[in-house]
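A.B. asks: Provided below are the primary sequence and the corresponding predicted coordinates.
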Protein chains: 4
Amino acid sequence: MLHFRNDYSNGAHPKVMEALCKTNLELTVGYGMDPYCQKAADLIRQLCNCPTAEVHFIPGGTQANKTALGAFLRPWEAVIAPDSGHIQVHEAGAIEHNGHRIFLAPAIDGKITAQQVKKLCLAYCNDETSPAPKVVYISNTTELGTVYSKEELLQLRQVCDEFGLYLYCDGARLACAMVVSDTSFADYAATCDAFTIGGTKNGLLFGEAMVITNADLMPSFRRCLKQQGAMLAKGRLLGVQYAAALEDGLYMELAHDSVKAAQRLSAGLQALSIPMLIDSPSNQLFPILPNAVVEALKDQVSFEVWSAADENHTCIRFVTAWHTTEQEVDALLALLKKLMA
Amino acid sequence: MLHFRNDYSNGAHPKVMEALCKTNLELTVGYGMDPYCQKAADLIRQLCNCPTAEVHFIPGGTQANKTALGAFLRPWEAVIAPDSGHIQVHEAGAIEHNGHRIFLAPAIDGKITAQQVKKLCLAYCNDETSPAPKVVYISNTTELGTVYSKEELLQLRQVCDEFGLYLYCDGARLACAMVVSDTSFADYAATCDAFTIGGTKNGLLFGEAMVITNADLMPSFRRCLKQQGAMLAKGRLLGVQYAAALEDGLYMELAHDSVKAAQRLSAGLQALSIPMLIDSPSNQLFPILPNAVVEALKDQVSFEVWSAADENHTCIRFVTAWHTTEQEVDALLALLKKLMA
Amino acid sequence: MLHFRNDYSNGAHPKVMEALCKTNLELTVGYGMDPYCQKAADLIRQLCNCPTAEVHFIPGGTQANKTALGAFLRPWEAVIAPDSGHIQVHEAGAIEHNGHRIFLAPAIDGKITAQQVKKLCLAYCNDETSPAPKVVYISNTTELGTVYSKEELLQLRQVCDEFGLYLYCDGARLACAMVVSDTSFADYAATCDAFTIGGTKNGLLFGEAMVITNADLMPSFRRCLKQQGAMLAKGRLLGVQYAAALEDGLYMELAHDSVKAAQRLSAGLQALSIPMLIDSPSNQLFPILPNAVVEALKDQVSFEVWSAADENHTCIRFVTAWHTTEQEVDALLALLKKLMA
Amino acid sequence: MLHFRNDYSNGAHPKVMEALCKTNLELTVGYGMDPYCQKAADLIRQLCNCPTAEVHFIPGGTQANKTALGAFLRPWEAVIAPDSGHIQVHEAGAIEHNGHRIFLAPAIDGKITAQQVKKLCLAYCNDETSPAPKVVYISNTTELGTVYSKEELLQLRQVCDEFGLYLYCDGARLACAMVVSDTSFADYAATCDAFTIGGTKNGLLFGEAMVITNADLMPSFRRCLKQQGAMLAKGRLLGVQYAAALEDGLYMELAHDSVKAAQRLSAGLQALSIPMLIDSPSNQLFPILPNAVVEALKDQVSFEVWSAADENHTCIRFVTAWHTTEQEVDALLALLKKLMA
C-alpha cells in the first residue's frame, strides 16, 4: 500500500524519537515548567527574533485553536475566517462551543484577503445587534495547500490594525508554508499577535507550539490551558521534541523533504495531464480523477476522497510527508499512468 | 535529588516506550480508528468483562473529565463531587467552563458517601431554581490516596439509581485503587456509567482510556472528543501504549510496584512516629513535618508542599511510582531520621 | 412625524392595557404559576387544537429563541437557518453564546427550503468533524415580511422527520403570517416541535408565548427559563396580556388591521411605480428609493434604512402596525408622491 | 387570604401604572434609546452623584446578574459570593452557564465579610490550577433581609482594590437597604464597580437598573444585553417606570412603607415571643413556628416555607411590601396569637 493519506500517519522522525528515548527516565517537574520546554521556548524566541514572545506547548491543533481563541475573545466577540478554515470545517464546532461566532468569507484559493476582512469589519464592528469581529484566523499553509505571501500577511496585519483586531495564524503546517513562500519564523512573529508552529504534521509525535507576541494576550494563558485540558502533565515530552527538531534545523529539513516529494508528484501529475482542484505549491495536492480510477486506486493507495467534481470525476487528496520517498512518488505516478490509460 | 514529587515525572515504562519505537514508522489512519486502538479497546472490554463497552483514548485527564461531563450533562444539570475532587481543585474551572455547577460535599477521607449524595439530591433534584444534579463524580484512588471499597461503589450506584444519576469515576490512578482495594476492572464496568483507566500516572507517556458502559452515553461521543480538542491526530500512539501495558499484565504490575514502595515508605514514616494527614493505603502519602525539616528536605528531595498543618508544621506529599526503588525509599527515610533527630 | 419604523413603537393595545390595570393590585404567586398564565395557556392549547402542548410565557424574543435552542440542543448539535434569520442577524450571537453553530442557507425570499435543509443534513449529519444539525429555525413572517405556506411547512416537517431534526418557528410575527397565508395556530402545532406566538409586535406590552408540542422537549424547560433569566418574577403580567388578547379574537384582529394598512401602502407604492426589494404580503415593506428622497423623507417619517441598493438608491423599510391608520398611510403616500415628482 | 409571600405579588404602584398608561400610545424608538430611558438614566446619575455612570435597564434580576457577570469576567475568572447569594441559590446555575465558578463563603447573617473575601483571594488568585476570583457579588438587602453598612461596603471595596477585584451589588431590594442602613445611592456608586437598583420588588411592574461606574466595564455592554436577550424591544417601558418612580421620591417612599410594615410585624412577633431565624431589619422576616401552626396558617395566609428548623419547628418567611397595610399586619399577628395559644 502506498501512503499518501496525510502527514500524520506515522510516529515521529527517528531523531525526535531518539530524544524522547534518551530522556525517558529522567525525572522533571510537570506542566511545562521543565528545562526542556524552557530550552525549546528559547529556541523559538531566537528563531522568531522575538525575545519577548511567550511560548506554550499544546498536545493538539484543535486544542491550540480553541484555547487561544477562547482566551483572546470576550463573549460578544467573533472570529473572521475563510470558509475553508480548519476551525470551520474540521473542529466540530470547537469555537462556537466556546461561545463565539465565526464570520466566514468565501475562501479564495483557501485564503482570506485583507479586503474581505475589511468588508466584514465594516459590516459588523459597529453593529450592536451582531457579534463584534475581533480575531482574524488564517491557517498557513491552508487546508488546500496554498500559502500566504509575506505581502499578504502584511496586508492582513494592516487591516487588523485599522479595526483593532488580532491576527492569529494556525501553523499546523507552518514549516511547509515557510518552505514555499518568502516568509520566516520572524515574519510571523512580526505580523501575528499569536501563531502556532505545528509539530504533529511535521515529524513530531504530537504537539503545537503557541507563540504569543502581543503582551495583551499573555496574562493567564496558562490558566486557560489548564481549563481547556490543554496542559500536558508530562509537558516536557513536548519540550524534548521541539528542542530536538529545532536545535539543528531538522524541523525545516523535514518540511523541505515533504515539499520536494510533493513537487515531484505534482510535476508527474501535470505530465499525465491530470487536472487539479487548485494550484497548490505545498505538500497537499488535489487531483481530479475519473471515478473509476479513484475506485481502482483504493486497492493500492491510501488517500482521502475530497469532493465530487462532477458526475464522473472525483477530487482526491494526496499528502506527502518528510518520509515520502522518490520511489513511492514514482510508484504512485506509474500506477496512475496505468489506470488513466 | 530523591524524587517523590509525583507519579508522572518521567516518560514511559521501557516496555511501553519500546512499543512506541517499534511501531514508530508504521503508517496508519488517524483519530483512533487504527488497529492498535482497536486492539487496546478489545483488551479493555475483556478485562472489564463488558463486551458492549465503548472505549475512547484521550491524551489528558482534565480533557477526559471535561469531555465526558460535558457530553453527559444537559445545560441545566450539575455534577456532585467531594470538595477535594480533581474537577474542583485542579482543573481551573473546566467543568464550569462547560456550563455546569459542581455541587460539593465535604470530603470524608477524600471520598463522598452515598448518604451525602442522597442529601444533595433531595435538596436539589426537584428544586427548579437550582441546577439539577445528574452525575456523581468520584476519583479512585482519591486525591488523598484513599480508596473506595466495592461496597462503597455499590452504595453510590444504588443512590444514583434511586435519583436517576450517572456514576462517573476518574481513574487517573485506578490501577493503584485496584491494588489496594477489593475492586477489579469489571467492578467499575458494573457500577459506573463511565470511568477512566489512567495511563499518565501509571507508566504511559500520556493517555487516559475512557470506558463508557451506559449505552445512553455513547452516541456522538467522538464528536464531543473532536469539539473538545480531545481526539489525538495520531491516535494510535495511545492504542499502542495501552495495548503494550495491558496485554501481559504490565499495567497492574506497575501499580503493584508503586504501592509496594509506598508501603515501605509508610511503614518507615510510622516507625519515625511522623504523623500523617490521612491514612492512605496507596502511592500518595501526606506526612506532617516540622517546618524546619520541610525546608531542609527541599535541598535533597523533590516533593510537593500540601498545606499548613499549624504554625510550626507543614503537611507535604510524597508520591511513589513504578520506578521508585527500595534504595530511594530507604534513603528518604534515613534523611528524615537525621533531620528529625 | 409619521411612524412606519416598526410594530413595537408604542405600548399595548388599550384592551390589553386595561386588563393589566384591572388586575394590577391583585396578589398572585409568581414565576408563571398564577391563574392568568394558566388561563392563557389553556386558550393557546385550544387554539392550537393541541391539549398536550406545554406553554411558557417569556418576556422577549431573543430570550425565547436562546432559551429554546439552548434547551433543545446537545453541545455538539447545531441549528440550520436561512442567513436572514433573526438568530443570525439580530441577536448578537446569542445562539453561539450557548455553544452552538448556526448552519446558514442563503435565504430565498427570506425563507429556507426543505431542499436546502436536506443538502445541509446530507453534508453534516454524518460528518463527525462537524457539529450535527438538529434544529431547523424559521421565522414566520420572515424578517423580510414573506411567509411560509402550509405546504412549505409540511415539506420542512418532512425533511426534519427524515433526518431526525426538530422544527422550530420563531413566531414574533406569527399573527401576520396567519393573516396572509393558509396557516392556522393548529398548523404550527401540527408541524413544529416548538414555536412562539409573538406578543411584543402584535399589541402586547411585551411577551412571547412558547408552545412546545414535542414531549421530548418538555422536561426541565422551566429550569432552562430560570437559568437563562427568562422567567419573569411577575409572570402573571404575561398571562394577563395573552388572555386579554386571545380570549375574544383581539390578537388576530390586530394583525388583520396591520396587514390591511400594509396592503393599502403596498398598493400605493405600486401605483407610484416604486420598486420593492421583495414582494412582501405582510406588514413589512421594502421600497427602493432615490437617496435624495430617502434623505428628504427622514424629516417627516420615522422608518429604518435597510440597505444600499445601488449608488443612487437605498432600500428602506416601512412597517405598519395595528394602530396604523388609513390617514397615516395616505399621508405617507402623498409625501412620497410629492418627493418622487 | 393575607398576603405575606413576597414583594412582587401584584403589579405596579398606581403612579407607575399611570405613567405607563399615559404614555401608552406614544411612538418611540426601541431598545432603550428613547427619551424616557434617557430621563430615567439622568435621574439615576443625579441620585448617585455620578455623572459618568452608565445606566442600562433590564427586565429581570437574574438577567441583570447573568449579563453583568458574564460581561465582566474572562473565561478563567470567577465570582466570590456568600453561599446564600441569589446567584447561588435562586438562578438555576445562570452564572455557571456563562462558564464561571462561584467561590462560596459561608454567609454570616446572609453577608460576606472582607476577611472572607481576602481568604479566598489568597487561596485562589495566584493558583493557576484554579479559576481566578475577579468579582465579589453581594446582594443588599440580602436574601435574609440583612443589610450591609457603609463601613462594610468600604471594607469590601478595600479588599477588592487590594486584589484587583470588582465589587458588584445586586440591588433587587436596594431601596429597603437604603432605608434601614446608613447608605445612599451615592455610596453604592462610590464603592461598587456596578450595581443594580431594583424595580420589580419595589413598586414597578418589572425592571432592574444596572449602574456601571467603572469605565473599564462599560464598552460593549449593550452588545452583551442583546446577546443575553436582556434588551427589551420596548425599552421605554422601563424608562417610563423608573422615571415615574424616581422623579418625585416615590421609589424611596415605597421602601419606607414596606419597612414600616415589616417593623410593625417584627415587633408583634417579638411580643409573641416567636423566635426568628435571623435578626432582619428589613422587609423579610423569618419566624420559626411549630409545624402545626405553620400548617394551620396556610389556610389564611400566603407565605413561603423557608427551611426545617428542627423536627417540630419550621422557619417560614413573611415579606411585606409597599402595599402591606397596618390592618393586614395586625390581622396576621392576631391570627398567630390565636394559633400559638
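C.D. replies: Cool, got the structure.

A.B. asks: what's the distance between the nearest residue to residue A:319 once chain neighbours are set aside and chain D?
C.D. replies: Of all residues not flanking residue A:319 in the chain, residue A:6 sits nearest, at 4.8 Å (CB to CB, 6 or more residues apart in numbering or on different chains). All C-beta atoms are positioned from the backbone trio N, CA, C, and that covers glycine. Applying CB to the nearest CB, to the nearest Å, the value for residue A:6 to chain D is 32 Å.

A.B. asks: let me know the helix or strand that residue A:6 is in.
C.D. replies: Assigned by DSSP states H and E, residue A:6 falls within no helix or strand.

A.B. asks: list the contacts of the longest helix belonging to chain A.
C.D. replies: With secondary structure taken from DSSP state H, chain A has its longest helix at helix A:250-271. Helix A:250-271 is contacted from outside by A:4, A:7, A:13, A:15-16, A:175-176, A:178-180, A:202-203, A:244-245, A:276, A:280-285, A:287, A:318, A:320-326, A:328-330, A:332-333, A:336, using CB atoms under 8 Å, 6 or more residues apart in numbering or on different chains.

A.B. asks: number of residues surrounding residue A:308?
C.D. replies: Using other CB atoms under 10 Å in any protein chain shown, residue A:308 has 12 other residues around it.

A.B. asks: same thing with the one 10 residues further on?
C.D. replies: Residue A:318 is surrounded by 29 other residues when neighbours are defined as other CB under 10 Å.

A.B. asks: just the buried positions in the one helix or strand it maps to, please.
C.D. replies: Counting by DSSP H and E, the element that carries residue A:318 is strand A:313-319. By 16 or more other CB atoms under 10 Å in any protein chain shown, the buried positions in strand A:313-319 come out as A:313-319.

A.B. asks: repeat for stretch A:119-127
C.D. replies: A:120-121, A:124.

A.B. asks: nearest spatial neighbour of residue A:129, chain-adjacent residues omitted?
C.D. replies: In this structure, residue A:129 finds its nearest non-sequential neighbour in residue C:90, 4.8 Å apart by CB to CB, 6+ apart.

A.B. asks: who in chain A is up against chain D?
C.D. replies: When proximity is defined as CB under 8 Å from any CB of the partner chain, chain A approaches chain D at A:70-71, A:74-76, A:98-99, A:128-129, A:131-132, A:220, A:222-224, A:226-227.

A.B. asks: show me those residues that map onto strands.
C.D. replies: Mapping the residues of chain A next to chain D onto strands (DSSP state E) picks out residue A:132.

A.B. asks: please, a PyMOL command that selects the buried ones among the residues of chain A next to chain D?
C.D. replies: Filtering those down to the buried ones (16+ other CB under 10 Å) takes a single PyMOL command:
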select buried, chain A and resi 70+71+74+75+76+98+99+128+129+131+132+220+222+223+224+226+227
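
A.B. asks: touching, residue A:321 and residue A:12? I think so.
C.D. replies: No. Assessed by CB atoms under 8 Å, residue A:321 is found out of contact with residue A:12, at 11.7 Å.

A.B. asks: are any of the contacts of helix A:250-271 buried, and if so which?
C.D. replies: Using 16+ other CB under 10 Å as the burial test, the contacts of helix A:250-271 include A:4, A:7, A:13, A:16, A:175-176, A:178-180, A:202-203, A:244-245, A:280-285, A:287, A:318, A:320-324, A:328-329, A:332-333, A:336 as buried.

A.B. asks: which residues of the stretch 51-200 of chain A fall in strands?
C.D. replies: Under the criterion DSSP state E, counting those that start in this stretch, strands of the stretch 51-200 of chain A are mapped to A:54-58, A:77-82, A:102-105, A:132-139, A:166-170, A:194-198.

A.B. asks: what sits against the closest residue in space to residue A:157 that isn't next to it in sequence?
C.D. replies: Leaving aside its chain neighbours, residue A:157 sits nearest to residue A:191 (4.5 Å; criterion: CB to CB, 6+ apart). Going by CB under 8 Å, 6+ apart, residue A:191 touches A:153-154, A:156-157, A:167.

A.B. asks: ok, of these, which come out buried?
C.D. replies: A:153, A:156-157, A:167.

A.B. asks: just put the residues you listed in TSV and tack on distance to residue A:197.
C.D. replies: Formatted as TSV, the buried ones among the contacts of residue A:191 follow (distance: CB to CB, whole Å):
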residue	distance to residue A:197
A:153	15
A:156	18
A:157	18
A:167	16
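
A.B. asks: ok, which residues in the stretch 101-250 of chain A are in contact with chain B?
C.D. replies: A:200-201, A:205-206, A:223-224, A:226-234, A:237.

A.B. asks: list the contacts of the residue nearest to the spatial centre of chain A.
C.D. replies: Centroid check for chain A by CA atoms, centre = their mean gives residue A:172 as the closest residue, at 2.2 Å. Neighbouring residues of residue A:172 by CB under 8 Å, 6+ apart: A:61, A:86, A:139, A:196, A:198, A:200-201, A:208.

A.B. asks: let's verify residue A:210: helix, strand, or coil?
C.D. replies: strand (DSSP: H, G, I helix; E, B strand; the rest coil).

A.B. asks: now do residue A:332
C.D. replies: Per three-state DSSP, residue A:332 ends up helix.

A.B. asks: residues near the closest residue to it other than its chain neighbours, how many?
C.D. replies: Once flanking residues are discounted, residue A:332 sits nearest to residue A:2: 5.3 Å by CB to CB, 6+ apart. Residues lying near residue A:2 (other CB under 10 Å) number 18.

A.B. asks: quick check, residue A:2 in contact with residue A:335.
C.D. replies: Yes. With contact defined as CB under 8 Å, residue A:2 and residue A:335 form a contacting pair (7.5 Å).
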